[in-house]
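K.L.:
below: sequence and its predicted model.
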Amino acid sequence: MNDCRSACSDVIVVERLTKRYGDLTAVDDVSFAARRGEILGIVGPNGAGKTTTLECIEGLRRPDAGRIRVLDGDAGSAEVKERIGVQLQANSYFDHLTLTETLELFGRFYKRCLSPARLLARVNLEDRARTTVRKLSGGQQQRFSIAATLVNDPEVVILDEPSTGLDPQARRDLWDLARAINADGRTILLTTHYMEEAEHLCDRVAIMDRGRVVALDSPRALVKALPDPDEVRFRLQDGVGADGLEGLPAVTSASFVDGGRVSLRSADASETLRGLIDWARRAETQLAGLEVSSATLEDVFLSLTGNPFE
Amino acid sequence: MLIFHFTVANLKMIVRDRQTLFWALAFPLVLMLTMGLMMRGAADIAGAESRLAPETEASQEGSTDFLDFLVPGMAVWGIMSYSVFGIATSLAMYRDRQVLRRMQATPLKVRTFFIGQVLASLMVAIAQGALILSAGKLVYGVNVEGNLLYLLVIMLLGNLVFLNIGFVIGSISRTPQAASGIGNAVVLPLAFFSGAFFPTGNLPQVVKSVVGYMPLAPVVDAVRGVTIEAGTLADYSTELGLIGAWIAISAALAVRLFRFE
């Protein structure tokens, strides 16, 4: 979409990262990079190694092998910590401090910080400024923890499963918030186990399974890379034969599904549709109930790993 | 400057956690007042008996002496319990809820976190010690003879050891429950054998000499020396030396064991 991006510097570079817990290899020889200004999502089932990968990048865990550079510094160094914002899965703040007090305290940990009022306004919590953290609802706590990750005005924001446990509306609000933070020019690296979230929110997605990154690209490109990502369906009118449908452009297979509907699997729906319309004109028939659908990241996961997602 | 703000934030948290604070302060106080009442009751009975039988020596004097002995012991036991349990359980809770990990993700230094916790807890512990001693003096007329500044110095130094022990226990405990259990295993035997509640004269010599080198006994002896005998710091240089050694040992252990991860 934006060709400059590949030329711009990578803000996070992970090279051959491996992390073991006893016999379990949680992260197995993983390499990838996050580009400046993008939202990069790591998606995968529970136990795929997403959180461990993040924790190594944040400097909270020491890799058994491999190298991680963040903003041209070593992961976990004080200089890097000054410039990144980190959100953990748990609500990891002090129960008895108010939102303003917590943000003030965290701000003092850094050389550079934003004002609590500004941060709270950013996440729509101005009216809860004097409430203690423990009295917030789940969605509010999640928003607050994002405000706290912004306290040092970071260039890179790392969010670990930010929308887990949120209701659909709160989840969409969180996507808007993440996009707004990204629009400020901050690179976002996040994990999620919602394919839908990865598809809607992320510029690029790394799919992780059993400690490995099995694919990394934009959601569109991942879906496009499937042999037949698109499907075209319509109803044949009485007396019209299905001859010639399999030979239409980009079609990989044609079959009948639920009672007389034709399903065409296609590598490129727009090519197929062009041919299909010509076909219908020649056959002097209507394409009743025409539907076009595209594969999702779940189909990509299935095709790459051989396992259905979750 | 950060240390100052972090200490203030810790004090706010301690004061706002009403229930924990109430039990930490009130329990030793109530126990002290109850034991005082029992002693008085015992003295009244003894007093009444002595009026019937004038040759017995028992008198109001005897029980007052025991309260003079008991109240400083309870004050030291109170600050020890508060410091060990307070630090150990809150550290274990912070670890459990990833608060420590969240700190680790910031440039905050372990040292700053450590000192901020210690300073805030020291202030609360001193307030608690003062509360128990004052209540003893006001309610039962317990002797607090010596220089209050000496008392402050001894309690501060002693409490440093207790806080370090809290840090050690908090570092090795996975859950607040475990921290509380290990805390009990440390505090209870020390309290019983160090002469906090009753004189150690009847204990076997071995126990006495071992416990004498443990961290609670020198604090109890020095505090009592100041309150009862108006002793000076110089009079208790041996005890202070022992406390100093324990500060060094416990701080080394705490620094070695306490990590954000």
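P.N.:
Okay, I see it. Note that the coordinates shown come from a computational prediction; the quantities given were computed from them, not determined experimentally.
K.L.:
helix or strand right after the worst-scoring helix or strand of chain B on mean pLDDT?
P.N.:
Scoring the helices and strands of chain B by mean pLDDT, DSSP states H and E places helix B:18-52 at the bottom, with a mean of 79. Downstream of helix B:18-52, the first helix or strand assigned by DSSP states H and E is helix B:60-96.
K.L.:
which parts of that following helix are buried?
P.N.:
B:63-64, B:66-96 (16 or more other Cβ atoms under 10 Å in any protein chain shown). Using the backbone N, CA and C atoms, a C-beta is placed for each residue, glycine as well.
K.L.:
what's the angle from it to helix B:18-52?
P.N.:
Counting by axes from the mean of the first three to the mean of the last three Cα atoms, to 10 degrees, helix B:60-96 lies at 160 degrees to helix B:18-52.
K.L.:
who's in contact with B:R174?
P.N.:
B:A92, B:R95, B:D96 (Cβ atoms under 8 Å, 6 or more residues apart in numbering or on different chains).
K.L.:
for B:T89, see how far away it is.
P.N.:
The gap separating B:R174 from B:T89 is 12 Å, by Cβ to Cβ, to the nearest Å.
K.L.:
likewise for B:V187?
P.N.:
12 Å.
K.L.:
low-confidence ranges in chain B?
P.N.:
Chain B contains residues with pLDDT under 70 at B:43-64.
K.L.:
now do 80
P.N.:
Within chain B, the stretches with pLDDT under 80 are B:39-65, B:201.
K.L.:
name the residues of it found near chain A, please.
P.N.:
B:1-2, B:5-6, B:9, B:12-13, B:16-17, B:97-99, B:101-102, B:104-108, B:261 (Cβ under 8 Å from any Cβ of the partner chain).
K.L.:
10 Å instead, please
P.N.:
B:1-2, B:4-6, B:8-10, B:12-18, B:20, B:90, B:93-94, B:96-109, B:112-113, B:116, B:260-261 (Cβ under 10 Å from any Cβ of the partner chain).
K.L.:
just the ones of those in helices?
P.N.:
Under the assignment DSSP state H, these contribute B:2, B:4-6, B:8-10, B:12-16, B:18, B:20, B:90, B:93-94, B:96, B:99-104, B:112-113, B:116 to helices.
K.L.:
neighbours of B:K12, how many?
P.N.:
Using other Cβ atoms under 10 Å in any protein chain shown, B:K12 has 17 neighbouring residues.
K.L.:
now do the shared contacts for B:V187 and B:T89.
P.N.:
With contacts taken as Cβ atoms under 10 Å, 6 or more residues apart in numbering or on different chains, B:V187 and B:T89 have B:I169 as neighbours in common.
K.L.:
the stretch 101-250 of chain B: strands as residue ranges?
P.N.:
Using DSSP state E, counting those that start in this stretch, no strands are assigned anywhere in the stretch 101-250 of chain B.
K.L.:
circling back: for PyMOL, what selects the buried ones among the residues of chain B next to chain A?
P.N.:
PyMOL command restricting those to the buried ones, with burial defined by 16+ other Cβ under 10 Å:
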select buried, chain B and resi 5+6+9+10+12+13+14+20+90+93+94+96+97+98+99+100+101+102+103+104+105+106+107+108+112+113+116+260
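K.L.:
what about the strands in chain A?
P.N.:
Assigned by DSSP state E, chain A shows strands spanning A:10-21, A:24-35, A:39-43, A:65-70, A:73-74, A:84-87, A:156-160, A:187-192, A:204-209, A:212-217, A:230-235, A:251-257, A:261-266, A:288-294.
K.L.:
chain center to the second one, what's the gap?
P.N.:
Counting by Cα atoms, centre = their mean, to the nearest Å, strand A:24-35 is centred 16 Å from the centre of its parent chain.
K.L.:
got the CA positions of it in CSV?
P.N.:
Included here for strand A:24-35 are C-alpha records, laid out as CSV according to Å, rounded to 0.1, in the frame of the first residue of the first chain:
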residue,chain,number,x,y,z
LEU,A,24,8.9,-26.7,26.3
THR,A,25,10.2,-24.6,23.5
ALA,A,26,7.8,-21.7,23.7
VAL,A,27,9.4,-19.7,20.9
ASP,A,28,11.3,-21.6,18.2
ASP,A,29,13.7,-19.7,16.0
VAL,A,30,11.5,-16.8,15.2
SER,A,31,12.5,-13.9,13.0
PHE,A,32,10.4,-10.9,12.0
ALA,A,33,10.5,-7.1,11.9
ALA,A,34,8.1,-4.3,12.7
ARG,A,35,8.2,-1.3,10.4
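K.L.:
who does that strand touch, helix- and strand-wise?
P.N.:
Under the contact criterion of 3 or more Cβ pairs under 10 Å, 6 or more residues apart in numbering or on different chains; DSSP states H and E, strand A:24-35 touches helix A:4-7, strand A:10-21, strand A:39-43, helix A:50-58, strand A:65-70, strand A:187-192, strand A:204-209, strand A:212-217.
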